[in-house]
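Engineer: no sequence on this one, just coordinates:
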């Protein structure tokens, strides 16, 4: 009988934002040794280590808060799980990645890609200076809003979005306050990833710039 103990880790790169996966087999991971996971851009994303107490330690860099996180999981859960487990950001509550059976990881990655492609098609992304950056920025704002962390200082959380070629403008439906978020390059994305909440403020009736 052949026992295949393996799992697949999918993690967004903290440097370029690309979501990539890597399959790990138990025979490629000796006890006490670190296995480094790198993005195709060359940046280190995570390191996995088998421990002597039937546990694994996962160290991963988070693109949402730009910090390193560490979790310890039981070997049974890591190698023989029938579901996906998130790699969470402790600062923001968002999930830069997940691990689990290859089929479920592939399915989740495909679903996320289809969702982003649908948004891009609906919004006509050909009009933007950097469509890929704009799409990732929208995805980050969506995650922040899903956590209930997008609001206006007037107390309203009814926020509209208007897109320009180089920025995203958030508009409060209650008081009309504006916030401009640049979405052209990787620095703009990195600035947005540092946030665990976004709040609109009005300054003498003029839009704010993030």
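Structural biologist: Good, I have the coordinates. Given the structure is predicted, the values throughout are model-derived calculations rather than measurements.
Engineer: All the helices of the chain, in order from the start?
Structural biologist: Using DSSP state H, the helices of the chain run over residues 75-79, 102-123, 131-146, 186-193.
Engineer: Now do the last one against helix 131-146, angle only.
Structural biologist: Between helix 186-193 and helix 131-146, the angle comes out at 10 degrees (axes from the mean of the first three to the mean of the last three C-alpha atoms, to 10 degrees).
Engineer: what does helix 186-193 rub up against?
Structural biologist: 16-17, 63-66, 133, 136-137, 140-141, 181-183, 210 (C-beta atoms under 8 Å, 6 or more residues apart in numbering). Bear in mind the C-beta positions are built from the backbone N, C-alpha and C, glycine included.
Engineer: care to break the chain down by domain?
Structural biologist: 6-111, 124-209 (automatic domain parsing).
Engineer: Kindly reformat those as JSON lines containing mean pLDDT.
Structural biologist: Compiled in JSON lines, the domains of the chain are given as follows (pLDDT from 0 to 100):
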{"stretch": "domain 6-111", "mean pLDDT": "88"}
{"stretch": "domain 124-209", "mean pLDDT": "81"}
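Engineer: These into JSON lines, with extra columns for mean neighbour count?
Structural biologist: Compiled in JSON lines, the domains of the chain are given as follows (neighbours: other C-beta atoms under 10 Å):
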{"stretch": "domain 6-111", "mean neighbour count": "17"}
{"stretch": "domain 124-209", "mean neighbour count": "16"}
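Engineer: Now do residue 169 against residue 12, distance only.
Structural biologist: 25 Å (C-beta to C-beta, to the nearest Å).
Engineer: again, but for residue 47
Structural biologist: From residue 47 across to residue 12, the span is 16 Å (C-beta to C-beta).
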